[in-house]
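take this sequence and fold it.
(2 chains)
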Amino acid sequence: MTTKRGSLSIAGAGKASGGLYERVTISGAGRVDGDVEAESVEISGAGKIIGKVKANRVSVAGACRIIGAVTAQKCDAAGAWKIGGDVQSEQFKAAGAGKVEGSVHAQEFSSAGVTKIAKNLRAQRAKFSGVLTADGDVEASEFRGHGAFRIAGLLAADQLELELGERSWAREIGGECITVRKRESLWGWLARWWGRQIELSAELIEADEIHLEATRAKIVRGKRVTLGPECRIERVEYSEFLHVDPKSVVKEQAKLGR
Amino acid sequence: MAEEELISKKEVLELTGISYGQFYRWKREGLIPESWFIRKSTFTGQETFLPKQKILERIEKIKALKDTKSLEEIAQLLSPELKDRRFERDEVLGLGWLSREVLEYYETIRKESGPFSFRELIFLAVIETLRKHELDPEELNLVISTLLSSDFAKLQAKEFAWTLALARKELPGSFALLSRKPHLSFCVLFSQECLFDPQTQLVIKLELSKIVEDVKLKLGTL
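The predicted structure is shown next:
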């Protein structure tokens, strides 16, 4: 397109309508009504867009709201943000305390702080520190993180590496190589002192290569299974190798003939 | 119609010998449709089941393709989405899965020859499959006219989860002298399930999704 687009800039308490722009900058308590398509969209302060956003770069900082889906190449969100629809972005960086009320689809996903996703997260590479919550499934080729995650559905990745810092759970965890370690921290020590167990719980954990610590599960199934300390597993099914730490409890175990 | 036989995910892995990693990767890449996963409670808790025949066939297909094609390419071949491509007559014959007879037969109905749309290739594949059954020419016409009058967008919207059935029903009355009892044939195109009265004889039952998949796989070797 060769036509030159105008830019929109709201500072303070302004209002504008959506449309096609070059750059959109909202600072203060600005508000845009309608869908926005632009090269870049930048919101800081308590800005609000009531509509869908499509841009190359989207950056949100502060107590901002986008009431609609976001499609971008690069999307950064920090502060107490909220996106009211799906996010589709090559790169999605979330920080602070944010919420996506739809699904997230990204090549690279990273979250620092507390991020909530109301549906599914699908990424090539996903990493998090802090707390990551998803009410649907989380699927990635690589999933790494430390802190806590709460996933209502399936957590699946080829490579899954987790360092537990708080109580975490997922209904099912599956993939190629799953490693869960418990991280010793002051918080963990304090939590234990309060009588609070820091552990991962899941109904089913299934992978070719499994290393677990501080995990409670109904079924763990894999080729090679290594259970470190503090695991409580009702049933382990393995085909090649099983090691159980003396500080772990396995109620039942079976070698699968494969 | 019998209910689809299910198989647990665990059994799928045992039977096919694929790794856990492969299974989850294929699911993620869309090679195994989300809709096939059925969660059921068993005495050991919740377990995941899949339609047995479909998943075993699908895994065999992926295994056969995975050394020469990327997962993304396989996903495209397996997905029922269509390209707006048109296929020349020679190109279609060159693929070797369609007989000249069927093509010529279709051309007489259509009254022109090539190029064919993907939709037509699917119809051609259906006719080719029907050739193996012994059908009266009227019955074949019945099937073709059903397909031609169907709303293709509707078929596509449900990912071709449609079944094409040809049924026969004998007509009551005293025709004892005739060697073959007169019957009434009819063609039904349905999604999900369809029940016929016990006197109806099902001559043919074809799952369109399978035919679509086959056609795409064969086109993939172009």
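
what residues go with each domain of the chain?
Reading this off chain A. Chain A is divided into the following domains under automatic domain parsing: A:1-119, A:137-258.

my question was about chain B, not that one.
Split by automatic domain parsing, chain B gives B:6-78, B:86-220.

quick check: bridge partners of A:Glu209?
A:Cys177, A:Arg224 (DSSP bridges).

least confident of the domains of chain B, on average?
If the domains of chain B are sorted by mean pLDDT, domain B:86-220 sits at the bottom with a mean of 81.

before we move on, back to that, for the domains of chain B, give me CSV that also has distance to chain A.
In this view, the C-beta of every residue, glycine as well, is placed from N, C-alpha and C. Shown next, in CSV, are those (distance: least, C-beta to the nearest C-beta, whole Å):
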stretch, distance to chain A
domain B:6-78, 3
domain B:86-220, 19
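
could you dump the domains of chain A to CSV with mean neighbour count?
Formatted as CSV, the domains of chain A follow (neighbours: other C-beta atoms under 10 Å in any protein chain shown):
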stretch, mean neighbour count
domain A:1-119, 19
domain A:137-258, 19
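
which of the domains of chain B sits most buried?
Across those, the average number of neighbours (mean count of other C-beta atoms under 10 Å in any protein chain shown) peaks for domain B:6-78, which reaches a mean of 16.

how long is it from one end to the other?
21 Å (C-alpha to C-alpha, to the nearest Å).

re earlier: any chance of the domains of chain A in a markdown table, with mean pLDDT too?
Formatted as a markdown table, the domains of chain A follow (pLDDT from 0 to 100):
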| stretch | mean pLDDT |
| --- | --- |
| domain A:1-119 | 91 |
| domain A:137-258 | 91 |
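
returning to what we had before: out of the domains of chain B, flag the one nearest A:Leu204.
Nearest of these to A:Leu204, taken as C-beta to C-beta: domain B:6-78 at 7.8 Å.

chain center to that closest one: distance?
From the chain centre to the centre of domain B:6-78 is a distance of 19 Å (C-alpha atoms, centre = their mean, to the nearest Å).

where does the nearest residue to B:Thr16 once chain neighbours are set aside fall, secondary structure wise?
In space, and not counting its chain neighbours, B:Thr16 is closest to B:Ile59: 4.8 Å by C-beta to C-beta, 6 or more residues apart in numbering or on different chains. Using DSSP states H and E, B:Ile59 maps to helix B:52-65.

what pairs with the closest residue to A:Gly30 other than its chain neighbours across the strands?
Closest residue in space to A:Gly30, ignoring its immediate chain neighbours: A:Ile10 at 3.3 Å, by C-beta to C-beta, 6+ apart. Judged by DSSP bridges, the bridge partners of A:Ile10 are A:Ile26.

check A:Lys182 too.
Beta-bridge partners of A:Lys182, as defined by DSSP bridges: A:Leu164.

ok, it touching A:Ile198?
Yes - the pair A:Lys182 and A:Ile198 passes the contact test of C-beta atoms under 8 Å, sitting 6.5 Å apart.

let me know the secondary structure of the closest residue in space to B:Trp97 that isn't next to it in sequence.
Nearest residue to B:Trp97 in three dimensions, chain neighbours excluded: B:Lys218, at 5.2 Å (C-beta to C-beta, 6+ apart). Using DSSP: H, G, I helix; E, B strand; the rest coil, the structure places B:Lys218 in helix.

so B:Lys218 makes contact with B:Val92?
No - at 9.9 Å, B:Lys218 does not count as touching B:Val92 under the criterion of C-beta under 8 Å.

what lies in contact with the helix holding B:Ile59?
B:4-7, B:12, B:15-16, B:18, B:26, B:31-32, B:36, B:74, B:77-78, B:213, B:217, B:220 (C-beta atoms under 8 Å, 6 or more residues apart in numbering or on different chains).

restricted to strands, list these.
Using DSSP state E, the members of the contacts of helix B:52-65 that fall within strands are B:Leu6, B:Ile7.
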